[in-house]
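In: here is my input, please return the structure:
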Amino acid sequence: MFIELFIIALFAGITPGPDLFIVIKNSLSYGVRIGFATALGIAISNVIHISLTIIGISVLIEQYPSLNAVIKIIGALYILWIGINAIRSSPPKEEDGSDLVKQKENKPFFTAFREGFLISVFNVKPLLFFISIFSQFIGPETGVYVRWLYGLEMVVTVGLLFSTIAIISSSIIFRKYYNKYAYWIDRVFGVVLILFAIAIGFSVFFGK
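Out: Residues are numbered from 1 along each chain as shown. Alright, predicted model coming up:
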């Protein structure tokens with residue numbers, strides 16, 4: 001049972017979404033420390049998602065479309081704000097790449113943590129994902145401690161996955177390439193995040 005949950009959590013983590021893109025973006029822009037901070041924020045938000053699922057409050061969110069919509073809209077607006085800021089980033093000075101690295105190492109740890117946390121905690125998809133997964137693995141006969149062990153396993157798995165992505169994204173090879181094309185890469189990430197925000201908004205107002 002634990003192996004199945006581990007595999008499912010891995011596949012869920014690597015599915016393209018705002019969580020994945022913000023980890024890659026912050027790791028490329030500011031290095032592994034800020035990437036870890038972003039991944040930690042996402043992991044803590046997953047603790048909240050899983051806790052709500054286990055104690056049953058998430059069912060209320062699923063049953064009340066208006067509450068679901070409000071959470072989605074808040075998340076979409078925050079993602080939109082980050083995307084717009086990425087697009088509006090200033091072009092680099094015509095100097096060597098080391099200046100760009102210094103310029104990019106000034107994001108506070110807590111700011112990156114907050115970005116990861118807020119993007120994930122206001123994303124209803126992980127919550128619905130945990131509901132669907134736990135409904136398959138948890139029954140009335142499942143002990144309380146086993147339920148929390150399942151939840152802990154998924155949090156740790158996704159957290160380690162995003163931390164690994166942060167390490168890879170902030171490696172010297174990737175950062176050298178990023179330093180050369182940072183102005184345009186930031187805009188690509190910004191556009192992707194804005195598209196995610198638009199897709200979420202579209203699902204709220206035009207989805208079934």
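In: switch to C-alpha atoms for all contacts and neighbour counts from now on
Out: OK.
In: where do the helices of this structure begin and end?
Out: Taking DSSP state H, the helices of the chain run over residues 2-14, 18-30, 32-55, 57-63, 65-87, 97-103, 109-121, 124-137, 144-169, 172-206.
In: contact partners of the second one?
Out: It stands for helix 18-30. Outside helix 18-30, the residues that touch it by C-alpha atoms under 8 Å, 6 or more residues apart in numbering are 13-14, 33-36, 38-39, 42, 79, 101, 104-107, 112, 115-116, 119-120, 162, 165-167, 169-170, 174-175, 178, 182, 186, 189, 193, 196.
In: in PyMOL, how would I select the buried members of the residues you listed?
Out: Per 16 or more other C-alpha atoms under 10 Å, the buried members of the contacts of helix 18-30 correspond to this PyMOL selection:
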select buried, resi 13+33+34+35+36+38+39+42+79+101+104+112+115+116+119+120+162+165+166+167+169+170+175+178+182+186+189+193+196
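In: pLDDT (mean, whole number) over stretch 11-25?
Out: Averaging pLDDT along stretch 11-25 gives 82.
In: mind checking the end-to-end distance for that stretch?
Out: End-to-end distance for stretch 11-25, by C-alpha to C-alpha, to the nearest Å: 20 Å.
In: report the separation between S170 and N26.
Out: The spacing between S170 and N26, counted by C-alpha to C-alpha, is 9 Å.
In: ok, A69 - contacts?
Out: Contacts of A69 (C-alpha under 8 Å, 6+ apart): V204.
In: quick check: it vs G159, distance?
Out: Counting by C-alpha to C-alpha, the gap from A69 to G159 is 27 Å.
In: just give me the neighbour total for the residue lying closest to I73 once chain neighbours are set aside.
Out: Nearest residue to I73 in three dimensions, chain neighbours excluded: G201, at 6.3 Å (C-alpha to C-alpha, 6 or more residues apart in numbering). Using other C-alpha atoms under 10 Å, G201 is surrounded by 19 other residues.
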